[in-house]
Every structure is written in C-alpha cells, then in structure tokens.
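Colleague: Could you look at this predicted model? Sequence included:
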Amino acid sequence: MFHIYCPHCGEYREEEEFHAAGQAHIARPLDPEACSDKEWGEYMFFRKNPRGIHHELWVHAAGCRKFFNMTRDTQTYEIKEVYKIGEQPTVVAQSAAK
Amino acid sequence: MQHYSGFGLFKHSLSHHENWQRAWRNPTPKKKYDVIIVGGGGHGLATAYYLAKQFGVTNVAVIEKGYLGGGNTARNTTIVRSNYLWDEAAHLYEHAMKLWEGLSQDLNYNVMFSQRGVLNLGHTLQDMRDIERRVNANRLNGIDGEVLDAKQVQELVPHMDCSANTRYPVMGASWQPRAGVARHDAVAWGFARGADAHGVDLIQQTEVTDLIIEDGTITGVKTNRYGEIKADRVGCVVAGNSSVLANMAGFELPLESHPLQALVSEPIKPILDTVVMSNHVHGYVSQSDKGDLVIGAGIDGYNGYGQRGSYPTIEHTVQAIVELFPIFSRVRMNRQWGGIVDTCPDACPIISDTPVKNLFFNCGWGTGGFKATPGSGNVFAASLAKGEMHELAKPFSMFRFHNGALIDEHGAAGVAH
Ligand SMILES: Cc1cc2nc3c(=O)[nH]c(=O)nc-3n(C[C@H](O)[C@H](O)[C@H](O)COP(=O)(O)OP(=O)(O)OC[C@H]3O[C@@H](n4cnc5c(N)ncnc54)[C@H](O)[C@@H]3O)c2cc1C
Ligand SMILES: [Zn+2]
C-alpha cells in the first residue's frame, strides 16, 4: 500500500484516496490539424513504459481532487518525489539524462 | 518422444515410475538458427511447436530467461472462451478454441481442457443490451452463445445470489457452453515437449539482453549466458516485458505493463461447475479440479513490473466475489500472486511485423491471452515461417495505432480498466 504525499494538501494519505492517470508531461500538439496520422497516433496511444524510473500523473481523487506529478520506480515501487503540474522532475532515469 | 497412454502408465508403475523419459532436452544453443523465439511462455512455446510441426521449420530456439511457462502462463486464472464482439477478435479467439478442442490429442498431453461453460453476467440494462449484441454477433460468426435471464443463471449456478436484494442484482448473462478452463502449466509443458520432439532447442535460464540489428534488419540476439546467437528471423513473445524488448530494437509500442493478480482459496467440496465472470462488479471465479476457488479481477491502476499486485485490488476483488457468492464469505484464501500483463489501448493484442526487418512481435494480450495460446502460436508460427503476417493476424498489426483501425474490445475483453 502506497503512502502518498499530496503536494496540495501537504499530507501523506493512503493509496486508496488516489488515482493514477498515466504518463505525465504529455503535451497536446499545438496544431492538431497539421499532425500526420503517425504523430497523432503517437500522441494518443504511445506511452513510456519503462522498467525503472517513470513520471506519472496522479489525482487526489478522494481528497482535494487536484492533479500532481510523481516520479516512481516501476520495478522497486519506490516513490522518488511528487511535484506540482508545471514543475520539472529532479529525479530522472540515467538513460534519459544522457 | 515417448508416447503417453494408459498402457504406458501401467507399464511404468511396475518400475515405480522411475524410468520415464525426460519431457524435453536441456541443450546448449547452436551458433545460428532459422528462427529464434524470445520468451518461453505458452505463446512462445506454441509458436515453436507449430513452426516445427506444421510449417517444417525445425532449426528453432526458444530463449527463456526463467523457466518454461513461468511468466503469466503459470499465473493466470485459466479461463478460455471465444465470445468477443468484433469479427477480427472473434475469429482469432475462435481459431484458438477449435485448436483447444483437439489439443490434448494433438500434443499427446492432457491439458485438462474442460468445456464447463462461461457466464458473463449483466447487472444493468446497458450490460444486457451489450450482451445481446455480443451474443448475436457471435452467432453470426458461428460461435456458440446464448442470452440467459436471471432465472436461467440461477439454475446454472444455484449458489450465486441472483435475488433482487443485492447492490447490483444479476439481470442475466451471456453463456458460452463451449468455453471453460484448461490446466495452464500443462499447456506450456505439452507444447514444450511437442516442440522439443520436433527438434526445437529450449534454452532456459537465459535472458536476451539485446537485439542485434544491422542496416535495419535483425540478425540475432545477445544473451547473458551464451553471448550472441544468430538468427534469420526473431519473434518476441515476452508479455509484460514487450516494451523493454521493443526499446532494444529502437521503437516504441503502445503498451503499458501492469501487475494483475489472482487468488486461490483452500480446497472445498465441488460447488461451482462453470466459470462466472462479471465485468460490472469486476471479479471472476471458477473452481479447480482439486477444489480451490480460482479468483481474479482487475489490474493495478499504475504501471509496474512487480509480480505481486496491490492490496486495494485484492479488497475490491474479494468484495465483488462475496457480493455474488455470500456463501464464500468465510472461505479462507490460501495463496495470492501476480503477473505482469502488457495492456494495449484497444484491449486487443499486437501480432505484427515491426519497423525492423525480420523482427516480429506477439504481445499486448493484456489480461486475457491465455485463452488464445494455441491460436496465437499457430498464426504467429505461420507468419514467422513465411515472413508475412497470417490473415487472422493482419488486423492486429502494431501500425493500427497510426492508421486508426483499432479493434475496441474493452467490453468483450471483460476488463473494467
Ligand atoms: C493473474 C492473471 C490472470 C489471468 N487470467 C487469464 C484468464 O483467465 N484467461 C486468459 O485468457 N488470460 C488470462 N491472463 C492473461 C494470460 O496469462 C496472458 O495473456 C498469457 O499467459 C500470455 O502468454 P505469453 O506466453 O505471451 O506470456 P508469458 O507466459 O508471460 O511468457 C513470456 C515469457 O517471456 C520471458 N521473458 C521476458 N523477457 C525476456 C528476455 N529478455 N529474455 C528471455 N525471456 C524473457 C518471461 O520470463 C516469460 O516466461 C491472466 C494473467 C494474469 C497475470
Ligand atoms: Zn490533496
């Protein structure tokens, strides 16, 4: 059971109050009409699925209902950090850092 | 290969069963193969078997990082059915169903395929409309199915609470009588033994650590134990680890890996002779031949490579089962475990060529690929043998996420996620 720190409430709460909403930092193309089918398909369906460090979007569904980001290791399940939307993660995967 | 029979059993009993032939060899790999299959789960082993037996490609290796059938194949709740909604999926799963029906004979190995029927319950008017639509679609495709009302469901499963007093009363169900369960380990072992007998090398305890690609064409794999092994064609069938392998090849797949867990209870007397699934309250249960209740439900809500699964999911699963079967409320659960399933945005698999020449992927089966094991192996073997996708596999190309030809099976896949 995760114990998750909500950066909006400023408190640790149990996993059950939260809902994971998939990969973080997915920018909607500014001009969708100009996208090729491949670009649009990738925006819609292709998500990072790393065995290791992952940046995720979470919502404090049964609490303040606000969204925030989380850096988590998908192998050890360790939560490395939580940070607000608009902020950048401080923990990044080695391969991504290169 | 030693033939298994009643007479053989009797003969070997005279020597206290100490002289049975080993089911498969434990060979050192050759330098080069016609085809390498990465992943020794049910799908990979079935692929190897049909490649050798049906398509005459016998210079084949299956490379498995753990032991044969130790992935999702050994961890699933063993439900087999073919009542999917869309033609593409229905045809693929029905192809598998037909192979299941003769599998024990074909393999000379008892996979304990039991056509005890599967019920998919409906708890809302919308559920019932979806069920009617799906059963009609199935029947147009020549796949057996019936729509049952609550009374008929109660007759089939007398111990389930089909009264109007529950939170989500059972309004009816779809019923596929030919569906059922199969012994998951036996499926892997049967295919392994059959493949080995046709000359396929089964290489266990060997992890593929990289794919060797020259000028956009795959030429072999790197392993942690035997270094480089060459191949003309490579098929990756690694379920939850598909994205990891795709990244080695330099492309991405639209997959997310999630833990999916199951539980079994202490063995109890026979009480349930069919399979009960509910998408709405989201739980499914059957009773194994040795008496334990086999229970499963949803995936964890977040990505994970831990073969374990989270506590909240167990709670939701058990809630659903106890709601349906109050009589199970005091049955003790014996064991719980998880697998890693690779879920696809449209809840359908990917059986596909890739941006890399001679490299093929068979993955994305998510929470429901066990039922497809023989069919998946069969169409993938045909594709690997010819270097061109089998007709039934074509709609499941990875490129459908670029051209928009998705096969949206969330309803019939029975997944609430
Ligand atoms: C709890 C649970 C319940 C389920 N219930 C059902 C059900 O009732 N009905 C149904 O139809 N389906 C069910 N499924 C889904 C089903 O189990 C899978 O879709 C199916 O088993 C996939 O088979 P596979 O052979 O592709 O994968 P696996 O059996 O997972 O085999 C993949 C193999 O690849 C190996 N591998 C991975 N990476 C490497 C590498 N780098 N090098 C070498 N080898 C590697 C792994 O060790 C593994 O053995 C369930 C799954 C789970 C987890
Ligand atoms: Zn909050």
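Modeller: Ah, there it is. Ligands and ions are numbered 1, 2, ... in the order given.

Colleague: For the helix or strand harbouring residue B:383, list every residue counted as buried.
Modeller: Using DSSP states H and E, residue B:383 sits within helix B:373-386. For helix B:373-386, burial by neighbour count (16 or more other C-beta atoms under 10 Å in any protein chain shown) applies to B:373-385. No exception for glycine: its C-beta is placed from N, CA and C like everyone else's.

Colleague: tell me what it is packed against?
Modeller: If contacts are counted by 3 or more C-beta pairs under 8 Å, 6 or more residues apart in numbering or on different chains; DSSP states H and E, helix B:373-386 sits against helix B:42-53, helix B:87-101, helix B:184-197, strand B:227-236, strand B:350-353, strand B:359-363.

Colleague: next one: the fifth one to chain centre, how far?
Modeller: On the basis of C-alpha atoms, centre = their mean, to the nearest Å, strand B:350-353 sits 16 Å off its chain's mean C-alpha point.

Colleague: So which residues make contact with it?
Modeller: B:242, B:253, B:255, B:344, B:359-364, B:376, B:379-380, B:383, B:389-390, B:393, B:396-399 (C-beta atoms under 8 Å, 6 or more residues apart in numbering or on different chains).

Colleague: repeat for the longest one
Modeller: The list of residues contacting helix B:87-101 from outside it, by C-beta under 8 Å, 6+ apart, reads B:80-84, B:106, B:111, B:113, B:115, B:137-138, B:141-143, B:178-179, B:182, B:348-349, B:371-376, B:378-379, B:392-393, B:395-396, B:407, B:409, B:412.

Colleague: Dump the C-alpha coordinates for it into CSV.
Modeller: The C-alpha trace of helix B:87-101 is given here as CSV (Å, rounded to 0.1, in the frame of the first residue of the first chain):
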residue,chain,number,x,y,z
ASP,B,87,-15.1,-10.0,-36.1
GLU,B,88,-11.3,-9.8,-36.1
ALA,B,89,-11.1,-10.8,-32.4
ALA,B,90,-13.9,-13.3,-32.5
HIS,B,91,-12.2,-15.1,-35.5
LEU,B,92,-8.8,-15.1,-33.7
TYR,B,93,-10.1,-16.5,-30.4
GLU,B,94,-12.4,-19.0,-32.2
HIS,B,95,-9.4,-20.2,-34.2
ALA,B,96,-7.8,-20.9,-30.8
MET,B,97,-11.0,-22.5,-29.4
LYS,B,98,-11.0,-25.0,-32.3
LEU,B,99,-7.4,-25.9,-31.6
TRP,B,100,-8.1,-26.3,-27.9
GLU,B,101,-10.8,-28.8,-28.7
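
Colleague: what about it and ligand 1, any contact?
Modeller: No: judged by C-beta under 6 Å from any ligand atom, helix B:87-101 makes no contact with ligand 1; its nearest approach is 8.9 Å.

Colleague: quick one, what contacts the closest residue to ligand 2 within the stretch 101-250 of chain B?
Modeller: Nearest residue of the stretch 101-250 of chain B to ligand 2: residue B:167, at 28.6 Å (C-beta to the ion). Going by C-beta under 8 Å, 6+ apart, residue B:167 touches residue B:323.

Colleague: Give me the three-state assignment for the spatially most central residue of chain A.
Modeller: Centroid check for chain A by C-alpha atoms, centre = their mean gives residue A:56 as the closest residue, at 1.5 Å. Assigned with DSSP: H, G, I helix; E, B strand; the rest coil, residue A:56 falls in the strand class.

Colleague: these two touch, right, it and residue B:303?
Modeller: Yes: with contact defined as C-beta atoms under 8 Å, residue A:56 reaches residue B:303; the gap is 7.4 Å.

Colleague: Give me the nearest residue to residue B:297, chain neighbours excluded.
Modeller: In this structure, residue B:297 finds its nearest non-sequential neighbour in residue B:317, 3.6 Å apart by C-beta to C-beta, 6 or more residues apart in numbering or on different chains.

Colleague: quick one on the thing from earlier: possible to save the buried residues of helix B:373-386 as TSV with pLDDT and distance to residue B:295?
Modeller: Below are the buried residues of helix B:373-386 laid out as TSV (pLDDT from 0 to 100; distance: C-beta to C-beta, whole Å):
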residue	pLDDT	distance to residue B:295
B:373	98	21
B:374	98	25
B:375	98	26
B:376	98	25
B:377	98	27
B:378	98	30
B:379	98	31
B:380	98	30
B:381	98	33
B:382	98	36
B:383	98	35
B:384	98	36
B:385	98	39
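
Colleague: Most widely separated two among these?
Modeller: Farthest-apart pair in the buried residues of helix B:373-386 is B:373 and B:385; separation 18.3 Å (C-beta to C-beta).

Colleague: To what extent is residue 84 buried, counted in neighbours?
Modeller: Went with chain A since none was named. By the measure other C-beta atoms under 10 Å in any protein chain shown, the count of residues near residue A:84 is 11.

Colleague: that's the other chain; I wanted chain B
Modeller: 28.

Colleague: Could you do residue A:59 as well?
Modeller: Counted with other C-beta under 10 Å, residue A:59 comes out at 17.

Colleague: State the distance from it to residue A:72.
Modeller: Noted for residue A:59: a distance of 15 Å to residue A:72, by C-beta to C-beta, to the nearest Å.

Colleague: Tell me how many other residues crowd residue A:40.
Modeller: For residue A:40, using other C-beta under 10 Å, the count is 17.

Colleague: where does it land in three-state SS?
Modeller: helix.

Colleague: Can you tell me the element the residue nearest to residue B:297 falls in?
Modeller: Assigned by DSSP H and E, residue B:317 falls in helix B:311-324.

Colleague: and that helix, how far from the chain's centre?
Modeller: Distance, centroid of helix B:311-324 to centroid of chain: 23 Å (C-alpha atoms, centre = their mean).

Colleague: quick one on the thing from earlier: how many neighbours does the residue nearest to residue B:297 have?
Modeller: Using other C-beta under 10 Å, residue B:317 is surrounded by 24 other residues.

Colleague: which parts of the stretch 301-417 of chain B sit against chain A?
Modeller: Selection of the stretch 301-417 of chain B residues close to chain A by C-beta under 8 Å from any C-beta of the partner chain yields B:301-306, B:310-312, B:342, B:345, B:401-404.

Colleague: Separate out the buried members of those residues.
Modeller: Applying 16+ other C-beta under 10 Å to those flags B:301-305, B:310, B:342, B:345, B:401-402 as buried.

Colleague: still on that earlier bit, what inclination does the helix holding residue B:383 have with respect to helix B:42-53?
Modeller: 50 degrees (axes from the mean of the first three to the mean of the last three C-alpha atoms, to 10 degrees).

Colleague: how about helix B:373-386, does it reach ligand 1?
Modeller: No: contact of helix B:373-386 with ligand 1 (C-beta under 6 Å from any ligand atom) is absent, the minimum separation being 6.7 Å.
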